[in-house]
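1. sequence and predicted structure, then a few things I'm wondering about:
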Amino acid sequence: MATNDGYSPYPLGLTASQATEAITRAYNLSTELNSYVKITQSAVAPAPSITKNGDHWVNTTTGKLYRVQIVGSILTWFEV
């Protein structure tokens, strides 16, 4: 959909219904990603036994966000 002046309100080629659905899903992103990625908010890093590759941790002391990378038995937190 576009207007005569070239304005396209949905530049990604989505319909109004699809755009509404995308915005709704993005607004509830923590719910949508809940089964894929876990986000933990604490002052200390989560225990390795409950951490899986790609999980995120928000350090409540510093306010920094970290993402975990697990290779074999080595667990490394990278600041995002």
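-> Perfect, I can see it now. Numbering: from 1, shown residues only.
2. quick one: the helices in the protein, in order.
-> 16-27, 29-32 (DSSP state H).
3. scan the helices and strands of this structure for the one with the lowest mean pLDDT.
-> For the chain, counting by mean pLDDT, DSSP states H and E, helix 29-32 ranks last in confidence among helices and strands (a mean of 67).
4. of all the helices of the chain, which has the lowest average per-residue confidence?
-> With a mean of 67, helix 29-32 has the lowest mean pLDDT of these.
5. okay, now A22: neighbour count?
-> 13 (other CB atoms under 10 Å). C-beta coordinates here come from the backbone N, C-alpha and C atoms, glycine included.
6. can I get the helices of the chain in a markdown table with distance to L75?
-> As requested, the helices of the chain are exported to a markdown table (distance: least, CB to CB, whole Å):
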| stretch | distance to L75 |
| --- | --- |
| helix 16-27 | 30 |
| helix 29-32 | 23 |
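7. closest one to A45 among those?
-> Nearest of these to A45, taken as CB to CB: helix 29-32 at 19.7 Å.
8. please enumerate the strands of the chain.
-> Ranges of strands within the chain are 39-42, 56-59, 65-71, 74-79, based on DSSP state E.
9. most tightly surrounded among these?
-> strand 56-59 (a mean of 17; mean count of other CB atoms under 10 Å).
10. picking up where we left off before, of all the helices of the chain, which one comes closest to H56?
-> Using CB to CB, the nearest of these to H56 is helix 29-32, at 10.6 Å.
11. how near is W77 to S17?
-> 40 Å (CB to CB, to the nearest Å).
12. wait, which of the helices of the chain is closest to K38?
-> Closest among these, once you apply CB to CB, is helix 29-32, at 10.2 Å.
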